[in-house]
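Trainee: Below is the structure, and that's it, no one-letter string:
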Ligand code: OGA
Ligand code: NI
């Protein structure tokens, strides 16, 4: 059908997973193999919690610049707390991204064996309720992520609980993103073309236009999720683990058309990471004569993450 309009990433319902896990796994796996992306409704993260999180996000970024900068962790690679406007740069890009963000990590018990690799959270004094809201949201993303990973495992012919030990106490990061209004003459884009580093990303807020994926034919395809749906994409760690059977697809956030330039865009990606000591080692079932092992050398997720954060300017070597 060469004259059909541009393809759309189809919307799936995570509610189907409970009814027919194999069918859901096939649909999710199919969408990932085709686009590296999936659009998922009924993801189970409560709407009232999401509404509270948006209110907190907007209130935080509305604070004066010098207040926000109190939460910049010098030398911390942006892993926790505040990262100011124009810090991050996509690998190989010439302009910094037009965004500021806040990172929430996992709360670990004192003395936890990952304490050395997963730094403690910092929390702002205001808005009130910020910490509780995002600890709750982090847990809800964890739950949704576990269900999605179990479907991915089924699709790959692994036991449905295969990822459980890999992601237990994992180094996931919840990012609150603010893309401020864009002046007419702004150089650069909201987020330059990039791939995500982690296993999968679960993103809320993509209803506000701008997110595009680089399709296999070389064209940019706009992602238009239904209200409240989650956009889920494969990151480089899952691509590497699956020997590129599940592709980590390049994506970007373009600047809005003139009539939306005066508006901020907010989004909340949850970058689902394995535990720091998880060994990313090509899954044997993804190695074939036509698709030989692209990564004969395995690497821990901690070492892999460090290499990549240097590349994108968040860690200075
Ligand atoms: C990211 C990203 C997309 C968005 O933060 O890695 O791709 O819509 N964000 O904000
Ligand atoms: Ni991304």
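Mentor: Good, I have the coordinates. Because the structure is a prediction, the values reported are computed rather than measured. Residues are numbered from 1 along each chain as shown. Ligands and ions are numbered 1, 2, ... in the order given.
Trainee: ok and the residue in this structure nearest ligand 1?
Mentor: Nearest residue of the chain to ligand 1: residue 267, at 3.5 Å (CB to the nearest ligand atom). Where C-beta positions appear, they are placed from N, C-alpha and C, glycine not excepted.
Trainee: For that residue, I want the exact helix or strand it lies within.
Mentor: Counting by DSSP states H and E, the element that carries residue 267 is strand 265-272.
Trainee: partner strands of that strand, parallel or antiparallel?
Mentor: strand 173-179 (antiparallel), strand 200-204 (antiparallel) (DSSP bridges).
Trainee: avg pLDDT for it?
Mentor: Strand 265-272 carries an average pLDDT of 98.
Trainee: Any chance you could list what contacts it?
Mentor: 53-54, 57-58, 61, 137-138, 141, 145, 149, 167, 170, 172-179, 190, 196-206, 208, 210-211, 235, 253, 256 (CB atoms under 8 Å, 6 or more residues apart in numbering).
Trainee: Figure out the helix or strand that residue 185 lives in.
Mentor: Counting by DSSP H and E, residue 185 is held by no secondary-structure element, helix or strand.
Trainee: Could you pull up phi and psi at the residue nearest to residue 226 when sequence neighbours are not counted?
Mentor: Leaving aside its chain neighbours, residue 226 sits nearest to residue 11 (5.7 Å; criterion: CB to CB, 6 or more residues apart in numbering). Dihedral pair for residue 11: phi -90, psi 130, per degrees, to the nearest 10.
Trainee: wait, doesn't residue 11 sit right on residue 228?
Mentor: No. Look at residue 11 against residue 228 with CB atoms under 8 Å: they stay out of range, at 10.9 Å.
Trainee: before we move on, the earlier item: pLDDT at the residue nearest to residue 226, what is it?
Mentor: For residue 11, the model assigns a pLDDT of 96.
Trainee: What of the one 4 residues further on?
Mentor: Per-residue confidence for residue 15 comes out at a pLDDT of 96.
Trainee: Now do the same contact list for the closest residue to it other than its chain neighbours.
Mentor: Distances taken as CB to CB, 6+ apart put residue 42 closest to residue 15, at 4.0 Å, once the chain neighbours are dropped. By CB under 8 Å, 6+ apart, residue 42 lies in contact with 13-15.
Trainee: Kindly reformat those as JSON lines containing neighbour count and secondary structure.
Mentor: JSON lines is the format used below for the contacts of residue 42 (neighbours: other CB atoms under 10 Å; DSSP: H, G, I helix; E, B strand; the rest coil):
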{"residue": "13", "neighbour count": "15", "secondary structure": "strand"}
{"residue": "14", "neighbour count": "21", "secondary structure": "coil"}
{"residue": "15", "neighbour count": "13", "secondary structure": "helix"}
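Trainee: Out of those, the closest to residue 126 would be?
Mentor: Closest to residue 126 out of those is residue 14 (34.0 Å), distances taken as CB to CB.
Trainee: Surely that closest one and residue 38 touch.
Mentor: No. Applying CB under 8 Å as the test, residue 14 and residue 38 come out as separate, 10.0 Å apart.
Trainee: Mutual contacts of the two, please.
Mentor: By CB under 8 Å, 6+ apart, no residue touches both residue 14 and residue 38.
Trainee: how about the strands of this protein, start to end?
Mentor: Ranges of strands in the chain, per DSSP state E, are 11-13, 37-41, 81-83, 100-104, 173-179, 191-194, 200-204, 211-214, 220-222, 230-234, 251-253, 265-272, 279-280, 299-300.
Trainee: looking at these, which is buried most?
Mentor: Highest mean neighbour count among the strands of the chain (mean count of other CB atoms under 10 Å): strand 230-234, with a mean of 27.
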